[in-house]
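Undergrad: Any chance you can model this:
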Amino acid sequence: KDGIFGLYRGFGIILAGGTPGTIIYLCGYDIFKDRLQSLTTSERNSCANASASANGADDNNASSSLFLTHFASGLLAETVACVVYVPVDVIKERLQVQSLSTSTTDYKGSMDAMFKIAKYEGIRGLYKGYIPTLVSFGPYSALYFMFYETFKERIILHNRR
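TA: Below is the predicted model:
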(Lines give C-alpha, C1' and ligand atoms only; values in the text may rest on other atoms or scores of the structure.)
Protein backbone atom coordinates (compact mmCIF):
# COMPACT_ATOMS: atom_id res chain seq x y z
CA LYS A 1 0.00 0.00 0.00
CA ASP A 2 2.69 2.52 0.99
CA GLY A 3 5.36 1.19 -1.35
CA ILE A 4 9.02 1.90 -0.74
CA PHE A 5 8.20 4.80 1.59
CA GLY A 6 6.46 2.40 3.94
CA LEU A 7 9.78 0.67 4.50
CA TYR A 8 11.33 3.89 5.77
CA ARG A 9 8.51 4.95 8.06
CA GLY A 10 10.07 5.65 11.45
CA PHE A 11 13.50 6.43 9.99
CA GLY A 12 13.41 9.97 11.43
CA ILE A 13 13.18 8.72 15.01
CA ILE A 14 16.11 6.39 14.36
CA LEU A 15 18.23 9.35 13.23
CA ALA A 16 17.11 11.47 16.17
CA GLY A 17 17.33 8.77 18.85
CA GLY A 18 19.89 6.35 17.52
CA THR A 19 22.78 8.78 17.61
CA PRO A 20 22.34 9.79 21.27
CA GLY A 21 21.79 6.13 22.15
CA THR A 22 25.07 5.15 20.50
CA ILE A 23 26.90 8.02 22.22
CA ILE A 24 25.53 6.87 25.57
CA TYR A 25 26.46 3.27 24.74
CA LEU A 26 30.07 3.95 23.74
CA CYS A 27 30.78 6.61 26.37
CA GLY A 28 29.03 4.48 28.98
CA TYR A 29 31.30 1.58 28.15
CA ASP A 30 34.42 3.73 28.62
CA ILE A 31 33.14 5.20 31.88
CA PHE A 32 32.19 1.81 33.33
CA LYS A 33 35.47 0.29 32.14
CA ASP A 34 37.53 3.06 33.78
CA ARG A 35 35.60 2.83 37.06
CA LEU A 36 35.73 -0.96 37.23
CA GLN A 37 39.43 -1.03 36.30
CA SER A 38 40.23 1.46 39.05
CA LEU A 39 38.31 -0.70 41.54
CA THR A 40 40.03 -3.92 40.50
CA THR A 41 43.45 -2.24 40.37
CA SER A 42 43.11 -0.92 43.91
CA GLU A 43 41.94 -4.36 45.10
CA ARG A 44 44.86 -6.05 43.34
CA ASN A 45 47.33 -3.59 44.84
CA SER A 46 46.03 -4.13 48.36
CA CYS A 47 46.14 -7.93 47.89
CA ALA A 48 49.64 -7.77 46.41
CA ASN A 49 50.86 -5.81 49.42
CA ALA A 50 49.36 -8.37 51.77
CA SER A 51 51.01 -11.39 50.11
CA ALA A 52 53.57 -11.66 47.31
CA SER A 53 53.11 -14.39 44.71
CA ALA A 54 55.99 -15.96 42.81
CA ASN A 55 54.09 -18.38 40.55
CA GLY A 56 52.38 -15.99 38.13
CA ALA A 57 48.95 -16.32 39.74
CA ASP A 58 48.74 -12.53 39.90
CA ASP A 59 49.01 -12.36 36.09
CA ASN A 60 46.17 -14.87 35.73
CA ASN A 61 44.06 -12.93 38.23
CA ALA A 62 44.77 -9.66 36.42
CA SER A 63 43.84 -11.23 33.08
CA SER A 64 40.57 -12.70 34.35
CA SER A 65 39.85 -9.42 36.12
CA LEU A 66 40.22 -7.57 32.80
CA PHE A 67 37.91 -10.07 31.08
CA LEU A 68 35.29 -9.51 33.76
CA THR A 69 35.78 -5.74 33.65
CA HIS A 70 35.17 -5.61 29.89
CA PHE A 71 32.27 -8.07 30.13
CA ALA A 72 30.55 -6.14 32.92
CA SER A 73 31.24 -2.77 31.28
CA GLY A 74 29.63 -3.92 28.03
CA LEU A 75 26.59 -5.25 29.87
CA LEU A 76 26.21 -2.05 31.92
CA ALA A 77 26.65 0.15 28.84
CA GLU A 78 23.87 -1.74 27.06
CA THR A 79 21.62 -1.46 30.12
CA VAL A 80 21.97 2.32 30.16
CA ALA A 81 21.79 2.77 26.37
CA CYS A 82 18.54 0.76 26.21
CA VAL A 83 16.89 3.59 28.13
CA VAL A 84 17.15 5.51 24.83
CA TYR A 85 17.14 2.64 22.32
CA VAL A 86 13.96 0.91 23.45
CA PRO A 87 11.54 3.87 23.17
CA VAL A 88 13.09 4.70 19.79
CA ASP A 89 12.48 1.13 18.62
CA VAL A 90 8.93 1.07 19.99
CA ILE A 91 8.06 4.28 18.13
CA LYS A 92 9.77 3.14 14.92
CA GLU A 93 8.05 -0.23 14.95
CA ARG A 94 4.64 1.25 15.66
CA LEU A 95 5.06 3.63 12.73
CA GLN A 96 6.19 0.82 10.45
CA VAL A 97 3.26 -1.47 11.15
CA GLN A 98 0.45 1.02 11.64
CA SER A 99 -1.03 0.45 8.16
CA LEU A 100 -1.05 -3.31 8.85
CA SER A 101 -2.38 -3.00 12.38
CA THR A 102 -6.01 -3.40 13.38
CA SER A 103 -5.48 -0.68 15.97
CA THR A 104 -7.49 2.48 15.57
CA THR A 105 -4.51 4.62 16.59
CA ASP A 106 -3.08 6.53 13.66
CA TYR A 107 0.29 8.15 14.19
CA LYS A 108 1.15 11.20 12.13
CA GLY A 109 4.86 10.97 12.87
CA SER A 110 7.45 10.13 15.49
CA MET A 111 6.54 12.83 18.01
CA ASP A 112 2.83 12.12 17.62
CA ALA A 113 3.50 8.42 18.22
CA MET A 114 5.58 9.17 21.31
CA PHE A 115 2.92 11.42 22.83
CA LYS A 116 0.04 9.06 22.01
CA ILE A 117 1.85 6.02 23.38
CA ALA A 118 2.71 7.90 26.57
CA LYS A 119 -0.84 9.25 26.89
CA TYR A 120 -2.72 5.99 26.29
CA GLU A 121 -0.25 3.43 27.63
CA GLY A 122 1.83 5.44 30.03
CA ILE A 123 5.60 5.58 30.13
CA ARG A 124 5.60 1.77 30.32
CA GLY A 125 4.24 1.71 26.77
CA LEU A 126 7.43 3.33 25.52
CA TYR A 127 9.51 0.71 27.33
CA LYS A 128 7.67 -2.40 26.15
CA GLY A 129 10.35 -4.89 25.37
CA TYR A 130 13.08 -3.38 27.57
CA ILE A 131 13.79 -6.66 29.41
CA PRO A 132 13.73 -8.88 26.28
CA THR A 133 15.99 -6.35 24.52
CA LEU A 134 18.39 -6.39 27.43
CA VAL A 135 18.33 -10.18 27.64
CA SER A 136 19.24 -10.46 23.95
CA PHE A 137 21.59 -7.50 23.47
CA GLY A 138 23.15 -7.43 26.95
CA PRO A 139 25.18 -10.62 26.52
CA TYR A 140 26.05 -9.59 22.97
CA SER A 141 27.50 -6.27 24.18
CA ALA A 142 29.28 -7.93 27.07
CA LEU A 143 30.93 -10.49 24.81
CA TYR A 144 31.57 -7.96 22.06
CA PHE A 145 33.62 -5.66 24.28
CA MET A 146 35.34 -8.52 26.06
CA PHE A 147 36.58 -9.98 22.76
CA TYR A 148 37.27 -6.56 21.23
CA GLU A 149 39.53 -5.52 24.11
CA THR A 150 41.23 -8.92 24.25
CA PHE A 151 42.07 -8.97 20.55
CA LYS A 152 43.02 -5.31 20.54
CA GLU A 153 45.52 -5.93 23.34
CA ARG A 154 46.93 -9.00 21.58
CA ILE A 155 47.39 -7.11 18.33
CA ILE A 156 49.12 -4.25 20.16
CA LEU A 157 51.45 -6.70 21.91
CA HIS A 158 52.12 -8.54 18.66
CA ASN A 159 52.98 -5.31 16.83
CA ARG A 160 55.45 -4.29 19.55
CA ARG A 161 57.55 -7.41 18.93
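Undergrad: do you know how far G109 is from E121?
TA: Distance, G109 to E121, by Cβ to Cβ, to the nearest Å: 18 Å. Backbone N, C-alpha and C define where each C-beta goes, glycine included.
Undergrad: Equivalent analysis for I24, please.
TA: 24 Å.
Undergrad: T22: what's its closest spatial neighbour, skipping adjacent residues?
TA: A81 (7.5 Å; Cβ to Cβ, 6 or more residues apart in numbering).
Undergrad: secondary structure class for T105?
TA: Taking DSSP: H, G, I helix; E, B strand; the rest coil as the rule, one finds T105 in the coil state.
Undergrad: Comparing I24 and E121, which residue is more hemmed in?
TA: Taking other Cβ atoms under 10 Å, I24 and E121 do not tie; I24 has more neighbours (18 against 14).
Undergrad: Which secondary structure element is home to the residue lying closest to R9 once chain neighbours are set aside?
TA: Once flanking residues are discounted, R9 sits nearest to L95: 4.6 Å by Cβ to Cβ, 6+ apart. Using DSSP states H and E, L95 sits within helix 57-97.
Undergrad: Output the contacting helices and strands for that helix.
TA: helix 11-50, helix 110-121, helix 123-126, helix 130-160 (3 or more Cβ pairs under 8 Å, 6 or more residues apart in numbering; DSSP states H and E).
Undergrad: can you state the direction angle for that helix and helix 110-121?
TA: Per axes from the mean of the first three to the mean of the last three Cα atoms, to 10 degrees, the angle that helix 57-97 makes with helix 110-121 is 90 degrees.
Undergrad: Okay, the closest residue to F32 other than its chain neighbours and A142: tell me how far apart.
TA: If the residues on either side of it in the chain are set aside, F32 comes closest to S73, at 3.9 Å by Cβ to Cβ, 6+ apart. Separation of S73 from A142 (Cβ to Cβ) stands at 8 Å.
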